[in-house]
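**Student:** What shape does this take:
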Amino acid sequence: MAEHDQLFKWTFRVPEHAAGELRAVLPKAVMDSIDAGSLALVPGDFVARQLDERFTDALFSARFRGVPGYVWLLLEHQSVADRFITLRVLEYVVRAWTTLLRAEGQQRKTLPPVVCVVVHHGDGGWNAPIRLQELVEGMSDVPELRPLVPDFEVIVDDLVTQPDEALKSRPLGTLPQLVLWVLRDGRTIDRLLERVTAWAEELARLVHEAPEDAVTVMRYILSVAGDEPFEHVRTRFVRAVPATEAVMASAAEQLIQRGRAQGKAEGKAEGKAEGKAEGKAEGVLAVLEARGFDITAEEHARIVGSKDLAELNRWLRLAATASTVSELFSV
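**Tutor:** As a prediction, the model looks like this:
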């Protein structure tokens with residue numbers, strides 16, 4: 001769902017928020033080796049050249065005790081955990097390393113370390129392998145293979161197993177804490193509504209400290225509400241946190257405006273497509289008429305009624321060589 005990805009990227013592409021998430025989930029020794037102040041979001045052009053945008057939800061450069069490397073934060077929101085996530089990670093790591101070697105040539109003598117954290121909020125919790133060798137047959141039967149086969153581990157932050165107090169105790173600000181909560185429970189609006197009271201203090205604080213951020217969070221909540229009536233959602237939130245009334249109204253208005261803009265864009269695109277189809281149909285008729293064919297009312301209606309550009313292009317080509325008008329429709 002696009003709403004999940006957008007909210008996660010908006011929140012955790014901020015280095016300060018990413019650092020808090022890393023402190024919460026990485027082994028202490030690994031986190032102690034990372035200079036949190038060195039975290040810097042990798043530019044989009046680097047991502048576009050080397051990596052899949054879907055994969056690099058939040059890609060940071062970082063220094064590990066002075067050694068330059070990378071940290072990935074990946075949001076995984078499939079209902080069924082991706083069994084081959086480690087293979088996907090390996091693919092992208094190798095691609096990134098290879099690109100760096102090509103770019104720097106003989107100047108580079110080593111490869112940068114890469115750490116991947118998977119933030120999972122799918123139903124049922126994470127139940128897929130987190131080590132690459134868990135996917136490889138024979139590792140337990142022939143242990144001598146282990147040093148000969150690539151292996152590494154991804155860190156999985158399984159939100160659905162985290163209770164409220166665990167999320168609230170993380171070294172994060174109010175906004176990223178709330179975002180982790182709504183991602184955890186955002187599969188259904190019922191889950192969110194059940195936990196509103198538990199998060200009332202944090203919601204009130206965000207409305208007071210950063211009302212625009214609160215509007216963004218509320219917009220996400222409304223976007224995942226599905227068919228739940230807006231008034232019902234609004235009532236539950238306002239009853240628990242009266243301060244959310246204004247931001248809830250603003251979020252609803254933004255969604256309405258977005259819907260109108262999307263409708264206009266879709267209508268414009270549809271209009272362009274129809275215009276192209278009409279032009280192609282007129283071209284087919286013009287070629288047939290120039291060749292002296294008598295076009296029946298039924299044939300005319302079929303040509304001008306088609307909106308399929310591929311079909312109209314085929315008819316246009318055939319119109320120049322066909323012996324009869326009916327040959328256009330027989331191919």
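
**Student:** Which of the helices or strands spans S61?
**Tutor:** strand 58-64 (DSSP states H and E).

**Student:** C-terminal to that strand, what's the next element?
**Tutor:** Next along from strand 58-64, by DSSP H and E: strand 67-76.

**Student:** how about the CA coordinates for whatever helix or strand comes next after that following strand, as CSV?
**Tutor:** Heading C-terminal from strand 67-76, the first helix or strand you meet, by DSSP H and E, is helix 85-104. The C-alpha coordinates for helix 85-104 follow below in CSV (Å, rounded to 0.1, in the frame of the first residue of the first chain):
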residue,chain,number,x,y,z
ILE,A,85,14.6,-11.1,1.9
THR,A,86,18.2,-12.0,2.6
LEU,A,87,18.7,-12.9,-1.1
ARG,A,88,17.2,-9.6,-2.2
VAL,A,89,19.5,-7.8,0.2
LEU,A,90,22.5,-9.7,-1.1
GLU,A,91,21.6,-8.8,-4.7
TYR,A,92,21.5,-5.1,-3.9
VAL,A,93,24.6,-5.1,-1.8
VAL,A,94,26.6,-6.8,-4.5
ARG,A,95,25.2,-4.4,-7.1
ALA,A,96,26.2,-1.4,-4.9
TRP,A,97,29.6,-2.7,-4.3
THR,A,98,30.2,-3.5,-7.9
THR,A,99,29.1,0.0,-8.9
LEU,A,100,31.5,1.6,-6.4
LEU,A,101,34.4,-0.5,-7.7
ARG,A,102,33.7,0.5,-11.3
ALA,A,103,33.4,4.1,-10.3
GLU,A,104,36.6,4.3,-8.2
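
**Student:** pLDDT (mean, whole number) over helix 85-104?
**Tutor:** Over the span of helix 85-104, the pLDDT mean works out to 87.

**Student:** where does this structure have its least confident helix or strand?
**Tutor:** helix 44-50 (a mean of 56; mean pLDDT, DSSP states H and E).

**Student:** Flag the shaky bits of the stretch 1-150 of the chain, pLDDT-wise.
**Tutor:** Across the stretch 1-150 of the chain, the ranges flagged by pLDDT under 70 are 1, 44-56.

**Student:** go again using 90 as the cut-off
**Tutor:** 1-6, 42-59, 72-82, 88-89, 91-109, 122-125, 140 (pLDDT under 90).

**Student:** for the stretch 201-331 of the chain, same thing?
**Tutor:** 216, 218-237, 243-331.

**Student:** the helices in it, which residues?
**Tutor:** 211-223, 230-240, 244-290, 297-305, 309-319, 327-330 (DSSP state H, counting those that start in this stretch).
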